[in-house]
Every structure is written in C-alpha cells, then in structure tokens.
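Trainee: kindly return the folded structure for what I paste below:
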Amino acid sequence: MSSRKIINNALKLSVLSLSAFSLNVYASIDCSTLTTWELGQTHTAGSQVKAQNNAYEAKWWTQANPLENTGQYQEWLLLGACDSAVNDNQSPIITEITPGNGSLFNDKDNVVILAQATDSDGSVAGVEFFVDGISIAVDNTAPFSVNWQAITGEHQISAVATDDEGANSAEVVNTLNVSDSVVVDPVNQVPVAAISFSTLPDQLVVGSQVVFALSGTDSDGQVTALSFAANGVDVHQSSSPASSFAWQATALGQATFTLTVTDNDGATAQVTKVLTVVDENTGPVTGTDCRPQGLYQTPGVNTPYCTIYDANGREIMGPDHPRRVIGYFTSWRNGANGQPSYLVNDIPWDKITHINYAFAHVDANNKVSIGDPASVNNPATNMEWPGVVGAEMDPEFNYKGHFNLLNKYKKQHPDVKTLISVGGWAETGGYFDETGRVESGGFYTMTTNADGSINHAGINAFAQSAVEFIEKYGFDGVDIDYEYPSSMNDSGHPDDFPISNARRAGLNASYQVLMKKVREELDRAGEAAGKHYLLTIASPSSGYLLRGMETFQAVQYLDYVNIMSYDLHGAWNSHVGHNAALFDTGLDSELTQWNVYGTKEFEGIGYLNTDWAVRYFRGAMSAGRINIGLPYYTRGFKDVSGGTNGLWGQAALPNQADCAKGTGVGEKNKCGNGALGIDNLWHDKNDAGQEMPAGSNPLWHVKNLENGIVGSYLGVYGLTPDTDADDRLTGTYTRHYDSVAVAPWLWNADKKVFLSIEDEESMATKVDYVINNGLGGIMFWELAGDFDYDSAKGEYFMGSTLTSLAYDKFNQSGVAYDVHGGNPNFTVPAEAVDVTFTAKDFPIGDDNYPISPTFAFTNNSSLDLSGAKISFDVPVSTSAIFKSNWNAQEKLGMAVEVNGSNAAGNNIGGFENEFHRFSITLNNEWGGQPKDFSAGATVNAQVMYYMPITGPSNFTIEKDGKTYAFKAEYPMLPDATPGDGTGNPDNGGGDPVGTCEGVDIATIPVYPNFPQTDWAGNPSHAAGGDLMVHNNVVYKAKWWTTSEPGATADWTLSCSL
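Mentor: Model (predicted):
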C-alpha cells in the first residue's frame, strides 16, 4: 500500500510539472530515436515510444495502448508532440486481431478472423489477412474480417492494415492451434425433418381433413426418403425431399403424427406433431358454459365463452397448440431509426398463439390511444415498408402500418389472437408524442383522484374507449400493463413518482374498479359481437411489489395473467444476480442483505423467482390461467467484484451521486454499475440523451458475444469500436449455468462483466416446468430478441429458436393445461352456505408488514353459525404462520390446519406443495365466548401473516357436526340445512354424542392439564396424537409440543363442542 502511495504522489508531481511547462516540453521532443508502439510488446518503467505523432513514457510494466491509457493513474505519461514529421502521413494501427493468441479449433472449423484497425489522420482503406505468411484475403470494408477453414496444426494468423495514403501498419500476429478430427472422413450430418400444415381447420372434429406439408433437408447430401406415420402406423411414403398427405379425422382424442427423413448416407431424423380431435356436437354453446373456473361473469350478460373456450373452459388455440405461446411485438422496431426492423411478417405465426402489441397508452382524455393515427410517422396505422417481401399492405383495411399487417396475417392464421397492450414501463404514468414525454398521469390519474378517491369518470371513459379501439382495429382483447398499482412507495417508473406516490393509498381500490369495469364493457360488447373478448395483464412477480397489492382481488376479472417473472435483478441496485431465476437457491445476495433468509417468520422462503410467483397466483387462479414470463433480453453489470464468476457479487456505481433517478435511495441501497457499450446494445437513453448502462441486449447479440463473433450490425446501433474501447469485443465471454436456479449467464473475466441470459437449456427446463405444473403457457418479451444463426453472415441474428422450442415441447407433450382451481385434494362438502368473504383494511406500503388485513365474513344464510370454524386454503407463497393481529380488538382462534411447507423449511429448488390450510375459530379467546355469527351478522377477523398471498380459496365452515362450502365458490351445491349437533365436523357426522374421534370427551384432558408429564409427574406436554380440550374445541397434537392448543401449527382441530 505504501509503495502505491509513493507512485501516486510522484504522478501528481509529474502532471503538475508538465502542466506548468507544457509549451517547452511539447516543443522539444525528438522522436527520431523512439520505436513505434506495437500491440503485444512489453514496456517497463521509463521506456519511451511514439504513437500517432506523440511521445509517451511508461510509468511501470505495461502492454497497454498509450493512445488509450494516459490518465493520471494509468500506465503511460504523454511527453508531448514529436518535433519531426508533424505533417507526415501517419501509418494505420491494428489494435487487436481475433481469435486471440493460443485459441484452439478443430480441423475444418470455420474460423472468423477479425482485425480492429484505426488511422489517426485519415481512414483505413483495407486490411490484408495472412495465414502462415501467405495472403488469404483483403477486406476493404469495416468491420475487417475473413473466413478461414481450419487445418490441423499450429498456424500463425496475421493482418496488415493500409490507410488511404498507402501507408501500412505493423503486422500483428497470433498463434492458433488446430486439432485433428476424430474421424478422418467428414462426419455425415443428419438431415432435418419438418411438418407444416397446408390445410388445418380452426376446430378439428370427426370428418375434418388436414393436409400436411412434409419436407426434409440435408446440409451435406440429399434426402432420399420420407416416411409419415399416424398414431404409429405408416400412412405415406415418398422418395422426394418434399411431399404432402391428406388425413381425415375418424375418432375423438389426440392423434400423433411422425415424419421420418432419411438421407443418402442412411442417417435419419424425426419430428412429431400432436393434434386433438374434439366432438362438435357435445359442447355447450350458451350461458356460463365454457367459462373458465374462477372467471367473473358480468351479471345480466350472456357472454359467448364457447367462441374461444371449450366445454372444459380451456382456450381453443388450434389443434396443434395445447398451451399458450404469447409474444410481445414492439411498435418501435420499424426501421425508421436506421436500425434493423422486426415487422409483422417476421413473426413465427405458426409457432405462437397470441400477439400482444406494445404499446398503446392512456391519453389526456383517459382514452386508449396510439397518438395521431393519421400521422405519416405512426407505425401502427400509417407506415409502409415498400420492397419488403411479406410487408405489403392489405387493401381490405382502411389503415396501414402494423395494424394492417396484423389483420392480414390473422386471415392466414385464424387461431392466433391479437391483444392491444396498454401502458408499459415508460407509458404507465404518461405517454410520448412528437415533442417527447407528456407527464399526463396515465393510469394513475385516470383511475385515482388527487385525494385518493376513485376516478369513476376516467375509468368509464377508458373502458368504453378500449372496446371502441379493439373493434376498430380488429384486436381480440385488451392487455393491461399498469406498472404498478401497488401501495409500496417508489414502485414503478421514477418519472411517475410525483404523481403515483401521492395516490398510493387509493391505487388498489381504483385498480379493482378499473378491471371490473373493463371486464364488464368487454362482456357487453362481446355479447353483441357474438364473441368473447380477452382481458389480461402483465403482472409483477416480486414479493416486494406484490406486498402492496393486497390479495390481488382483480385476478377474478382476467382470462389469464402473464407473470413478468424477469427483471428480478438488474443495475437498479448493486446485487449481481439472475434476471429470471426459476427457483430460489438460498444464496440471493439481495435477500441476504435484507435478512429474508434469516428472519424466522419467513421460514427461509426466497421470493425473487418464477416458482414463488406461480404459487402466489395459484391461491386465486387455476394453473391454466397462469402464464410465466421469459426474457428474450439480458441484464448485466460491469466491474463486478466477488461472487462466483460474478454471480452474487457486487457492482456498485463508483460515484453514488451519479445514480439514475429512483435508484440508490436509502442507507443500504446502492445503485448498480450497469454494463455498457458492446454489452448494452438495446440500451435506453436518459433525459440528456445519454446511454443508460444496464447490460440490456437481445439474445442474438449475446450469442455472438459468447462465440466471439463481432456482429455486422454494431454500427447501426451506434457503436463505434474503432474509437470507443467500450464498444469493442474484448476478452472471452464464458457461459455458466446455475442448475438450481435454472439460469445461465456469461462472465467476461477480463472485463469483470456479468450478463444474465436465457438460452436453449434454461428455456427447455422452464417449458417442462409449465407442462409439469399444469400451467397455461409462456409469455415472452419480446419477439425481436429471439435468435437464429445466419450461416451466410456467420453470426446470430433475429430468429425464432426459443419460440420454436416451446412450441415443439408443448405440441409433443400431449398434455392439456389444468383447469381446476385450488387444491386438487380438496373434498367438496355436500352442501353450501351463503357466507361471503372480503379481505380489506390492508395497511399501506411498508406499514403492511407483517401483512395485517381484516378478513370479513358475512352470514347471508338463515343458519346460526356462531362459534363455527372457518377453514381455507392459502398458497405456500407465505410461510405457515397465521395468527391474530397484534393490535386486534378481539383474539379469535387462528391455526395452521395443514402446513404445506417444504420438508427442509425453505423453497430452494422449488416448492414441494401448493397450499397451506388455515382456520379461524369464531371464539373470542379473551374470555372464551363464542363469537356471534348468526343470520345477517358480520365477523371482522383481524389476521396477520408474513408474505403476500392471493385468494384464499376452498372455504368451509364447520358447525354442529356438519361442514359446508361457501356458496360463492360452489353455487351448484344445495343450500345447507342446520346440523343436529352430533358427530365430528371433519367427517360430516357419524361419531356418537359425547365423543370425539371415538374418545369420550369427558376423559380428554382440558388445557393446561397436559396429558403427558415430566420426570416429577407434573403435566408438561402433549405427544403426537394426544387430544386436548380448549375453549370448547378438541385439538389433536401433531407431534411433541408444549404450546397452547390452537395457537400454533402444532395442533389440528378435531371437534368443535
């Protein structure tokens, strides 16, 4: 440390001296004896070189480029300008060639040799490439590269640049090693099989005909045979590489089709498709028929659910689509800014089920808007793309742009649905017009007045305009991307905080009114149009944000929810972690900092992962109404310290005063040091027009980084690798994989850059998770981020690899998504009682910890249910702790009936179960008196739990030996009749009077007289299976315990006396 201080002091003196005498020094440098700096040379302290008409002196041992490293604490000291040949042409310089020195390849690999060349006083006219001293090519266009087929042995690759005046650079040389192939002869490449549909009916019924288009390709030979089988029986053969076959459905159920392709060397490949044949005559067609379980129905409206749902309430998406594949299509990748476009014709229409168009916004009149539809620059309704094959306008529609093309392609793919997405991160609280962002308040002011009250007029205007919009432009529904109606302060876009934070207390109430109103307006319009319109949302997934959204009561109005199970870590703070982990690992540094793992009330549950969010929504929704989100983009950091290959390390911005708005707030919160330049291709810009470092890239770009490929597109995205070191491909990006979290990342050890990515391995595992958990499907942001390999250019670019992977896995699984709500093991009682439930009075924001609402129950029946026990399922997203609020006015009996926690007590690697079961006994434990719950009465139970939940669900109420369901959940059940006061409430009667579980009640010990004793013979505890009476209830001990019966999870209720 002391020597470093001496060096720094010496540097300060040198800089001050040079500053004071700069004219004399710069005028007297004779560079005639100095050598020219070259890449790869080593210099020690005192060594002097020249570069681009300047003289430099090394401060210490270095191989660095003096042109880029002359800062106060950097390796080189600028001595001054050379006094000779000031006006002479300066030779160009090659700063780097790749592959790097010592790189390894296999025989016949295609090697891309790339040179980074600059010229200080002109331009680089070309670069000549050599292998073993023999010229193999000259490239006259940047980026300068050449392809070379590797040959076994050690080889010297080199390059020489020539400038516009004919001067040559020094030759830069690297050594490569090429290993011999295992097989001398070329390895035969297997062919590729493909099945598509020339004809596929919207609904496949007995008698329908499907025409298959069958094909095979072979990269190193030719296809010699096609064999096509239906349900394992060969039905078609062909010796051509392409053929077709017409098949007619003759029976209900699934039909499996397999195409086998054979090449000229006998290698084979297969592909499989699964179609489902349904019965058109048995499905109901009106009323509540086909309505998904749990979906709210507008009173007085005959919604035609069967136009998009089958008799079981499953969405109809085409015979080859058993699950949803939902892609966001962004309006701004239209080519107007000179960057590559992603247009409607680029969408893999045969692989997806839904397209969400991003974005419309809430305008100043509280209506859905895309700006001026007549504006020549409006991509939604007025742009055209002449010369782009497939992007020709359809004259049937009186608007152009993306909306024209969406409807054009929907005619070709009628099973695909389109939704207009309203809001988004940047337009939740405002919108953009030709002058920039308009701070209108957006969703916040449309739904909520300044005093926190509900803006009914704004909500009505929005809901009515939503219907008008989708009917005008041919959409199938509305997707609300409101980020976020949470009571947590500073949630959402920082630019919105002045408006949103002032309304936090009222956002949940107005959000519920908004969603109900939009649902009802869509239902009324759908009845008139003869179709069901979809209403969906993009939902947050973080337990922090969801803590401020009560029990997410609005999900009842949704056809399905798309969970934004990404952006779980990023440069808004310094914790280097996964963007979209599937499971918790117990190692999340952010959760560790906030002692989430160490707080006993959380029971080790980590909430920054997809699985936690899925379990959260299962409290109120069937699995089939839940879609998980996948990012087709990255998040990343630079200058990472600590961690394992960067993971769970730290990357705080060095100067915390420079944090972006809304970040770095609070004592423990440090804003992150986001990756930039070539590691931040899809970056946003701040108000000053500067790049916002975030490590944001499409997946095709990071595929190129991983493979050491310099993309040909860098220039059009504004990167200047010739002049900006941050924009250059340097170092090696090594892929790592967290198999517990199901999350890959790239780590560049040279740059200390961490990029959290998604790839084929993580995608396949997440798709399997969807299938295995009965979920509805996937959603991804965004379509343009997916990748394919462009062999002509030798690089990755926009494609559909991951989307195709999901389609294939879903199609071949042969398993439909689950349509049942709640716990599948729940036993539905024989009768129902009209008792309603409301969760209310949630504290706001950080005051809502522990989560302490009121669970209100109203008895609308004629039964006297005083003293009854109410039980219900809650998702395992919360810990198994449930008790009365510390500030409750009366303490009712609260217990954990079934603990669904993992055996290990955490959720590392995923939850093992879906539900706990909690109960509230209507008995005031301060005095032991039954709580009045007679006809017309309301009980307000002040409860407390620790992590967010939706629901609850599967309510039962037990009284007088009988168990009833709640009418609201099970309206088909007969109305309850009063019990006779006998029997065990858990088994619906049967035990004789005066007994519980066959034991005479008079013989059961009464608390605190425990049935087991200590060494001295004093009542001290209960053993597993022991019964005890307390507050007119018989409890059974689950295991050894000294706790009060009914007060902890150690006990279950056996009988209510």
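Trainee: mind listing what Asp873 touches?
Mentor: Contact analysis of Asp873 by Cβ atoms under 8 Å, 6 or more residues apart in numbering lists Gly619, Gly822, Asn823, Phe826, Phe915, His916, Arg917, Gly951, Pro952, Ser953, Asn954. In this view, the C-beta of every residue, glycine as well, is placed from N, C-alpha and C.
Trainee: out of those residues, which comes closest to Thr599?
Mentor: His916 (18.1 Å; Cβ to Cβ).
Trainee: counting neighbours, what do you get for the spatially closest residue to the closest one that is not a sequence neighbour?
Mentor: Nearest residue to His916 in three dimensions, chain neighbours excluded: Gly900, at 4.5 Å (Cβ to Cβ, 6 or more residues apart in numbering). Using other Cβ atoms under 10 Å, Gly900 has 19 neighbouring residues.
Trainee: Gly900 reaches Phe918, doesn't it?
Mentor: No: contact criterion Cβ atoms under 8 Å: Gly900 and Phe918 do not qualify, at 10.5 Å.
Trainee: ok, Arg104 to Gly649 distance?
Mentor: Quick fix: residue 104 reads Leu, not Arg. Per Cβ to Cβ, to the nearest Å, Leu104 is found 28 Å from Gly649.
Trainee: quick one, which of the two is more surrounded?
Mentor: Gly649 (21 against 11).
Trainee: quick one: contacts for that one?
Mentor: Val576, Ser589, Val640, Ser641, Gly642, Gly643, Phe754.
Trainee: go with 6 Å
Mentor: Val576, Val640, Ser641, Gly642, Gly643 (Cβ atoms under 6 Å, 6 or more residues apart in numbering).
Trainee: quick check, pLDDT for it.
Mentor: Per-residue pLDDT puts Gly649 at 98.
Trainee: ok, now the one 4 residues further on?
Mentor: The confidence metric pLDDT takes the value 98 at Leu653.
Trainee: ok, now the one 4 residues further on?
Mentor: Ala657 carries a pLDDT score of 94 in this model.
Trainee: can you start the count at 52 instead of 1 from here on
Mentor: Renumbered: residue one is now 52, and that last one reads Ala708.
Trainee: what's the distance between it and Gln644?
Mentor: 21 Å.
Trainee: what segments of the stretch 602-751 of the chain are strands?
Mentor: Using DSSP state E, counting those that start in this stretch, the strands of the stretch 602-751 of the chain run over residues 611-614, 677-682, 686-688.
Trainee: and those as a markdown table, adding mean pLDDT?
Mentor: Output for the strands of the stretch 602-751 of the chain, formatted as a markdown table (pLDDT from 0 to 100):
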| stretch | mean pLDDT |
| --- | --- |
| strand 611-614 | 99 |
| strand 677-682 | 99 |
| strand 686-688 | 99 |
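Trainee: buried deepest among those, which one?
Mentor: Compared across those, strand 686-688 shows the largest average neighbour count, a mean of 31 (mean count of other Cβ atoms under 10 Å).
Trainee: what's in contact with that one?
Mentor: 621-622, 627, 630, 702, 723-724, 726, 730, 746, 805-807.
Trainee: now, which of those sits nearest Lys817?
Mentor: Asn630 (12.7 Å).
Trainee: ok, that closest one touching Tyr617?
Mentor: Yes: using Cβ atoms under 6 Å, Asn630 makes contact with Tyr617 at a distance of 5.4 Å.
Trainee: where does Leu74 land on pLDDT?
Mentor: For Leu74, pLDDT reads 30.
Trainee: just checking, Leu596 touches Glu534?
Mentor: No: using Cβ under 6 Å, Leu596 is not in contact with Glu534, being 9.1 Å away.
Trainee: neighbour count winner among these two?
Mentor: Glu534 (24 against 20).
Trainee: how close does the more buried one get to Cys1106?
Mentor: Glu534 is 49 Å from Cys1106, by Cβ to Cβ.
Trainee: which residues of the stretch 952-1101 of the chain fall in strands?
Mentor: 966-975, 980-981, 989-995, 1004-1010, 1013-1017, 1046-1047, 1050-1051, 1063-1064, 1070-1072, 1078-1081, 1084-1088.
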